[in-house]
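Colleague: Generate a structure from the sequence data that follows.
(chains A and B)
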Amino acid sequence: MRERMKNILHILSRDSAPPKEVIVAFFEDESSFLKAAREAKGIKDLDAITPYPVHGLEQILNIKRSWIPWVTFIFGLIGLSAGLALTYYTSVVSWPLIIGGKPFFSLPAFIPVMFECTVLFSALASVAALFYACDLPRVNPPILDKDLTSHKFALYCPAEQNSETEVRQIFEQLGVEKVLTGSF
Amino acid sequence: MNSPHKEKQSSLILGNKTLKQITEDISVLTEKIPGVRYLLTLAGAKTLFIFYLIVMGTIVVVGMGLMAVNHPVGWGVDIINLVFWIGIGHAGTLISAILFLFRQKWRTSIARTAEAMTVFAVMTAALFPLLHTGRPWLAYWLLPYPNQRGSLWVNFRSPLLWDVFAISTYATVSIVFWYVGMVPDLATLRDRATNKVRKFIYGILSLGWRGTARHWSHYEMTYMILAAISTPLVLSVHSVISFDFAVASLPGWHTTIFPPYFVAGAIFSGFGMVVTLMCLVRVFVPQFKDYITINHMEAMNKIIMVTGMLVGYAYLSELFIAWYSGSPYEQFAFKNRITGPYAWSYWIMMSCNVIIPQLFWFKKFRRSIPVMFVVSILVNVGMWFERYVIVVTSLHRDFLPANWGSFNMTFYDFGALIGSFGMFLTLFLLYMRTLPAISIAEVKPTAVHKE
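Modeller: Numbering: from 1, shown residues only, chains lettered A, B, ... in the order given. Sure, this is the predicted structure:
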């Protein structure tokens, strides 16, 4: 039973990507973290873990603008068409009825439903896209340090693409005390 | 230029908190065993909730005849309560979405709880139209699904059906918005968890959030999109609710001012409820006083005053248009509201919504917890009576004097009204102790600026 549950959870979750070995540097406050992020040059695929969104980090780490708005836009259009299709099919094609002397295709009266469908589709699709982009949901996510969701900050890079001694050197030059390896 | 700005930001959170303290202050509420005071309050709310279930159950089993609805007042307390509770929900979305788009940093301390209020208020509200149908077990007939009656579809030209779409979309998007905002904080709770059960529950709820810079980038974008989507959505919901009235040709209902008037009223009553709840939160959870400061309360009181005046303007313009239209039916409807058999409800509405909030012109009252607590409750009394005035006084005197009648609330009407607070408060109290009641990740950046 337990095994079966685990299997189901595995299929549902996105644990297919196994954790990678990473080299991590920890920081106790935002300013020293940001300073190090800015000055750490020459590390490949540098990423950060922060307890809250730190402003300016995207430029420092060269993170591209999120593609999620495109999903919102496309699904908004799909929702709009779905709302129109639903009202049109039911009121004009499937069983046309004259109600209140209005034409079968009374578009102004259909606008609220079309609007709500647009909103619903685009909102849910955006969140689905967020889940996809952030590897959610994930059972047993690798956690490097429990305090990273509370008050600590970290810079990390994959150990495969970087040489550990070099990375350690860079971080030590920046005055980082704690550099560890872990799987993330 | 720079320094007053900084000073303003630091006044958002008192007590020079470190990031760790912020996490601690907010999470501890979900971690320690609740005290006697909380349990007694919860027991009270639950008792009221059970009473509500009994009242609702009796109405469902025995029938709608138990409530006061009758000819000609075919819309009664169920519809009044629906509009009332949906309206309360609107402040949560306003705080979490519209103030977010306007970059109002003070919203961070109250956004989570206001949004929880939205979700619970919409849940409370959504039961009333179902009850009002008299046969809630056939509620699925409201949905356009292929059926064996032809298919006989729902009528998309009816505002009542727009309501089905508007309210269900609003409920869904509000819950999603609330939940997405909570995921990083749930991860904080997961990482702080010391026992297996907590770790398991918050582990599931946090969906495996890790908070890398790339994740945050997508996350912030999604949050902004949801805020941008929720903004027109929230305006549409109460507009659609107002169409239920405005599309009908009854004097007192048939006015084009209804959508903005309803939206302003909704925000007004919602802020009233937020202030009521926040006053209570400040009393029950002393450490939150550093987050939900008097400055926050004052800002909300200003919004109450502004929206109160918007509502007052709508009342007056209704009167003006009734006179200016020259329509005898319209003029009679409003004269009847002011001087007729239900004039008392009109004057309760006027004094609670238009006159009493004027107290907030004075800074002393805007910043006094007892004053704002009383005013915020009166605002909601007034807003309930606004819906009472709209529904009852318009219906009980329509075009034909032969149709005239009266509306007398029964025990079950009062039970449904009072009991609904039991449902709302039970949900709210459970939320306060199980989920992070202030957005941890959103509050932190506003605290960091001081360093």
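
Colleague: element containing the residue nearest to A:Ala133 when sequence neighbours are not counted?
Modeller: In this structure, A:Ala133 finds its nearest non-sequential neighbour in B:His218, 4.2 Å apart by CB to CB, 6 or more residues apart in numbering or on different chains. To be clear about C-beta, it is placed using only N, CA and C from the backbone, and glycine gets the same treatment. If you go by DSSP states H and E, B:His218 is part of helix B:213-246.

Colleague: Next: B:Leu14.
Modeller: Counting by DSSP H and E, B:Leu14 is part of no helix or strand.

Colleague: can you check B:Val60 too?
Modeller: Assigned by DSSP H and E, B:Val60 falls within helix B:36-62.

Colleague: which of the residues in that helix are buried?
Modeller: By 16 or more other CB atoms under 10 Å in any protein chain shown, the buried positions in helix B:36-62 come out as B:Tyr38, B:Thr41, B:Leu42, B:Ala45, B:Lys46, B:Leu48, B:Phe49, B:Tyr52, B:Val55, B:Met56, B:Ile59, B:Val60.

Colleague: Could you measure from the residue nearest to the fourth one when sequence neighbours are not counted over to B:Tyr431?
Modeller: Right, the one you point to is B:Ala45. Spatially, and ignoring its direct neighbours in sequence, B:Ala45 is nearest to B:Leu425 (3.9 Å; CB to CB, 6+ apart). Relative to B:Tyr431, B:Leu425 is positioned 10 Å away (CB to CB, to the nearest Å).

Colleague: Compare those two (neighbour count), which wins?
Modeller: B:Leu425 (21 against 17; other CB atoms under 10 Å in any protein chain shown).

Colleague: Now do the contacts for the more buried one.
Modeller: B:Ala45, B:Leu48, B:Phe49 (CB atoms under 8 Å, 6 or more residues apart in numbering or on different chains).

Colleague: Before we move on, what's the pLDDT of the first one?
Modeller: With respect to pLDDT, B:Ala45 has a value of 96.

Colleague: Just give the number of residues close to residue 20.
Modeller: All of this refers to chain A. 15.

Colleague: The intended chain is chain B.
Modeller: B:Lys20 has 14 nearby residues by other CB under 10 Å.

Colleague: Quickly find the element holding it.
Modeller: helix B:19-31.

Colleague: what's the model's confidence in that helix, averaged?
Modeller: 89.

Colleague: What of stretch B:398-407?
Modeller: The pLDDT scores in stretch B:398-407 average 90.

Colleague: mind checking the end-to-end distance for it?
Modeller: 14 Å (CA to CA, to the nearest Å).

Colleague: Kindly report the same for stretch A:91-100.
Modeller: Using CA to CA, first and last residues of stretch A:91-100 are 13 Å apart.

Colleague: what's next to it, contact-wise?
Modeller: Stretch A:91-100 is contacted by residues A:Phe104, A:Phe105, A:Ser106, A:Phe110, B:Gly150, B:Ser151, B:Leu152, B:Trp153, B:Asn155, B:Phe156, B:Arg157, B:Ser158 when judged by CB under 8 Å, 6+ apart.

Colleague: average model confidence for stretch A:28-46?
Modeller: 85.
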